[in-house]
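Trainee: Need the 3D shape of this:
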Amino acid sequence: MSLFKARDWWASVLGEGEEFDQGCLCVGDVDNSASGYDKIVVGSFMGMLRIFSPHPAKAEEPMEADTQLLEVQFPDPIIQVEMGKFVSCSELLHLAVLHPRKLSVYAVSGTAGNVEHGDQYQLRLVYEHNLQRTACNMTYGPFGGVTGHHFICIQSMDGMLMFFEQETYAFGRFLPGFLLPGPLSYCIRTDSFITVSSTRQVECYRYETLAVATDADTRQDSDQQTKSSGKRLTADWTLVIGEEALDICVPNTSSAMSSIFVLGERNFFCLKDNGQIRFMKKLEFNPSCFLPYGSVSEGSTNILMCNHNNMLLVYQDVTLKWAAQLSCVPVAVRVANFPELKGLVVTLSSDGHLQCSYMGTDPSFFTAPKVDAREVNYDEVDTEMKMLQKVIRGATKTQDILPRAETEEELTLTAIVSSNLDEVSCAVISEMNGMPVPSVTVKVKIKSRSAVQSPKMTVCVQPPLAVTQDQFVLDSMGSGCELVLRFSAFLNGHYPPADLCGDIAVSYSSATELNPAGIPRVSQCKFSLPLRLVCYPSSAIKNAKYKITVDTNKPPVNLNEVFPDFSEKLENNESSALGFQLITGSRVIVLASKTSQRYRIQSESFEDIWLVAKELVHRFDQHFASLGVKDFQNSFTGPIPLPEYFETVDHHFELRVNVQKYQDLLSERAVQFRAIQRRLLTRFKDKTPGPLQNLDTLMEGTYRQVIALADAAEDNRERLIQAFTRLQSATHLLILLLSLWQGLSSEQTAILEATLLPLLQDTPQLGWEESVDAAVSHLLKTCLSRSPKDQAISLSTGPLTIPKDTSRLKKHITLLCDRLGKGGRLSLSSEANVPTTVMMPAGCESIPEPIVEQEEEPLLQQDATKYIKKKQPSKRVKSKSDSSKESSRERKEKDSAKEKESKVSSKESKKESSKESSKRESTKESKEPSKDKEPTREKESSKESGKEKTKVSRKSSVKVKEKKSDAGDG
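Mentor: Residues are numbered from 1 along each chain as shown. Next up, the predicted model:
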């Protein structure tokens, strides 16, 4: 045991229950500050990244909190952190963070504040690589003699070296005879990589040899190719050390000679760069970590070595120069320079003790503290106890007035949906489309833990679903009472629902001492209705108009096992095909591939796929969870069916426009009807009666028109409700495909649902299109912006009005999908949400984004333009004069002229639409499926669509100005 202890200069305990290893610590000027002093970067296996700039606190003051510059929580564990010049367009230092399946490179920047503690540090993602194999460790350096930049080499758990030339993946090679991964380091002088294999020998591979060796996707392919090919991967030299290695380090202290230091379990080796041993030392303890660094004397190297006896040893080659006692066992050690002191030793233990220390000569002797033996004053203790009890009693009285955060609710709800349908259906409409409408019973258990007053239960389901009773008025319940209620749910509309979930809420009052009348409270619960409630099993058909494919990472399963309630009544039980006939919709077919791990869902209606797709994904998760499979995952490889989705959006928007048209026509006919009534009243009050001049016939005709328009408006309103429900189903399906496509988390999926489904129903004041357009625009300007400098500081908060068409909305939704496909992350905060570069799935093409968004932008996707309908001119409403002297002949002439104008305008619009449709069909037939000519075809199509836009806009200058203003808003 050493007499001297390492003197603490700064220390901190990181987290609670976190674990660290030798790769979790690095030291350097990570924020590229002007001073050039080092910062400490620490990553943990819990995914927490911390950056410190330590400085000692004064003796009278506690340790300051501003030493921690940044703390970021990652979803994946952090295996190793390194600093280097990892960005091609910059020579600044960047931070590389290695996760098990991902390598991320970040830029750390600091912004000086206006106050003492106002400095802000941000972690910005520059690029990342998704790894196909699980990583073990990494090293970096100027591979191949490159200057000014560093490349990264990652060793996987199965022995593959993956080389990354900054933003691009270069190549990968398997190490021969690999069993378990070992430490890895890079020697700059010889441009080679040094590792220790499972055969307990040091192996050296040159970068040139690795680059020209034969590539292989799997280890079996590598072994076969090394036997037959001439480019066989062989080691430059090997040296048997006879033990496992803990770490390898190659310090860059001299350009004329480089030494390779290998720390074994019982010995310490120093090798030349050609594999010869310079010296070795047998250790009398179990080492934990080490760090070679430059020595003052020529031709020698100093080594910091830590062991499991809490000792810090300093060697000069093989000679022990100093020993100091540490407070814990380090797993990583570094040397850093700080403003107040240079050459500090930074150590990190496995449980998170981070310490900056120096080796002084002050011995630390333990002295027992003096015992302060004072007598206890029982009167003071009694007085203090009474005062504390008074405070406690006051707190218990006030907590009844304020909201209480209790662990257990006073009233608990449990909803149980019956597994079988009702024998006698309770549906209001007993039959739809020749099929009986079933119902299912839901049992609700209400249990009170304390007395509640006047409880009322409300059941809510989304239309067209309905329940037999949605309001329940209950009697007051005492403590420990339990009540069971039942109701049935069924389909009550001629269109499929968008959601099979329901909500139950019980409102009640809870009495307290200060409020005997009771404090109002609410308890809630949810329930899910079975798919059998809205569809029946049917035979499968092979062809359909709309198709989507869901991929899994497990072998295909028997669909009869996943859907036993649908396969039991079918005569032909095929395991690879299953049909679902919606009661108020089309037939949905699920086909399982016999050779691959894919499942196809197809139907004649795009919206009807949603319920079956959701049930399929949910039942797959339940099926594999019951089998004990933990790594099961669903995925979608695209392409995202945006054209089909935009069809539903256009249909819904067309019905909304029709609502406004019917309102305008109704108001016009109402004005006409009131004017005729006034003239008839004037004629009836006249003392000298005269002829009515067919005013009674005109009033009767106008009345019939008002009734017909009212019926048409009511029919359009019902169709709008159905269209909105179908739009909800299509949007749910789009969100599901996006989450499977990009593997979105539950938080990101919730943000996407709140963005694309902000309303439960359309209202005349606020509709779906303008709400979604505002929400998507907000995401595109904040967390999905192309760069942090493009993020909007202040967002427009103008009134939301119905748009003129859906082109802008479809463009924004297309941009949203494109930026999600490029790695954008959905977040409510705008910091650290820069789109990252990821591998695009097969079949998904990137969508070109315009450089200047203020000008008029071309169409982003040619497929999307097929479904953008031409805006129809709204009918003009002419005001009627209320003069009683106007003759009926003049009114008839005006009406006939108005009918002629409407006929001429309708003919012209039909001719123009037929011309445009013929042009689009001719351009569509002239296209050939050639991959090499796709970019030119997209440019030509965008030019043609732009020409068509200008042709339409020449009719009036007002429309041209409106289009320019819309493009500027986009």
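Trainee: what sits against the spatially most central residue of the chain?
Mentor: Residue closest to the average C-alpha location in the chain (CA atoms, centre = their mean): Q748, at 3.4 Å. Applying CB atoms under 8 Å, 6 or more residues apart in numbering, one finds that Q748 lies in contact with S739, R825, L826, S827. Heads up, the C-betas are built off the backbone N, CA and C, glycines and all.
Trainee: Try it again at 7 Å.
Mentor: By CB atoms under 7 Å, 6 or more residues apart in numbering, the contact set of Q748 is L826.
Trainee: Distance of it relative to W610?
Mentor: 20 Å (CB to CB, to the nearest Å).
Trainee: before we move on, what about R679?
Mentor: 56 Å.
Trainee: Of the two, which one has the most company?
Mentor: Taking neighbours as other CB atoms under 10 Å, R679 and W610 compare with W610 leading, 27 against 21.
Trainee: residues in contact with that one?
Mentor: The contact partners of W610, by CB under 7 Å, 6+ apart, come to S729, A730, H732, L733.
Trainee: A helix includes it, no?
Mentor: Yes. W610 forms part of a helix when assessed by DSSP: H, G, I helix; E, B strand; the rest coil.
Trainee: residue ranges of the helices in the stretch 251-400 of the chain, please?
Mentor: 378-398 (DSSP state H, counting those that start in this stretch).
Trainee: remind me which residues of it are low pLDDT?
Mentor: For the stretch 251-400 of the chain, the stretches with pLDDT under 70 are 254-256, 296, 362-374, 397-400.
Trainee: Break down it into its strands, ranges please.
Mentor: With DSSP state E, counting those that start in this stretch as the criterion, the stretch 251-400 of the chain has strands at 259-264, 267-272, 277-282, 287-294, 301-307, 311-316, 319-325, 330-337, 342-349, 353-363.
Trainee: With adjacent residues omitted, what lies nearest to L655?
Mentor: With CB to CB, 6 or more residues apart in numbering as the measure, L720 is the residue that lies nearest to L655, at 4.4 Å, once sequence neighbours are left out.
Trainee: Show me how this protein divides into domains.
Mentor: Domains of the chain are assigned by the TED database as 5-215+234-360, 411-531, 535-614, 642-821.
Trainee: what about the ones you listed, which gets the closest to K630?
Mentor: Closest approach to K630 among the domains of the chain (CB to CB): domain 535-614, 11.3 Å.
Trainee: Same question for E700, what's its three-state structure.
Mentor: helix.
Trainee: which residues touch L738?
Mentor: By CB under 7 Å, 6+ apart, the neighbours of L738 are I640, L744, L752, C817, L820.
Trainee: so the third one, which of the three states?
Mentor: Put plainly, it is L752. Quick answer, by three-state DSSP: L752 is helix.
Trainee: about what we covered before: tabulate the strands of the stretch 251-400 of the chain (JSON lines), appending mean neighbour count.
Mentor: Shown next, in JSON lines, are the strands of the stretch 251-400 of the chain (neighbours: other CB atoms under 10 Å):
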{"stretch": "strand 259-264", "mean neighbour count": "22"}
{"stretch": "strand 267-272", "mean neighbour count": "18"}
{"stretch": "strand 277-282", "mean neighbour count": "13"}
{"stretch": "strand 287-294", "mean neighbour count": "19"}
{"stretch": "strand 301-307", "mean neighbour count": "21"}
{"stretch": "strand 311-316", "mean neighbour count": "18"}
{"stretch": "strand 319-325", "mean neighbour count": "14"}
{"stretch": "strand 330-337", "mean neighbour count": "20"}
{"stretch": "strand 342-349", "mean neighbour count": "21"}
{"stretch": "strand 353-363", "mean neighbour count": "16"}
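Trainee: before we move on, the earlier item: which one of the contacts of L738 sits closest to V484?
Mentor: Nearest to V484 out of the contacts of L738 is L752 (CB to CB; 38.2 Å).
Trainee: which non-adjacent residue is nearest that closest one?
Mentor: I735 (5.3 Å).
Trainee: how near is the one you found to Q462?
Mentor: Taking CB to CB as the measure, I735 falls 16 Å from Q462.
Trainee: Ok, A723 next?
Mentor: Relative to Q462, A723 is positioned 15 Å away (CB to CB).
Trainee: okay, these two: which has more neighbours?
Mentor: Per other CB under 10 Å, whichever of A723 and Q462 has more neighbours is A723, with 23 against 17.
Trainee: OK, contacts around the more buried one?
Mentor: H651, H652, L655.
Trainee: swap the cut-off to 10 Å and go again
Mentor: By CB atoms under 10 Å, 6 or more residues apart in numbering, the contact set of A723 is 495, 607, 648-649, 651-656, 716, 762, 768.
Trainee: Can you tell me the element it falls in?
Mentor: In this assignment (DSSP states H and E), A723 forms part of helix 695-742.
Trainee: So C270 sits against T301, correct?
Mentor: Yes. Using CB atoms under 10 Å, C270 is in contact with T301, at 7.6 Å.
Trainee: Touching both of those two, which residues are there?
Mentor: Taking CB under 10 Å, 6+ apart as the criterion, C270 and T301 both touch S259, F261, R278, P292, D317.
Trainee: Distance to V776 added to these, as JSON lines?
Mentor: Below are those laid out as JSON lines (distance: CB to CB, whole Å):
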{"residue": "S259", "distance to V776": "59"}
{"residue": "F261", "distance to V776": "56"}
{"residue": "R278", "distance to V776": "65"}
{"residue": "P292", "distance to V776": "55"}
{"residue": "D317", "distance to V776": "65"}
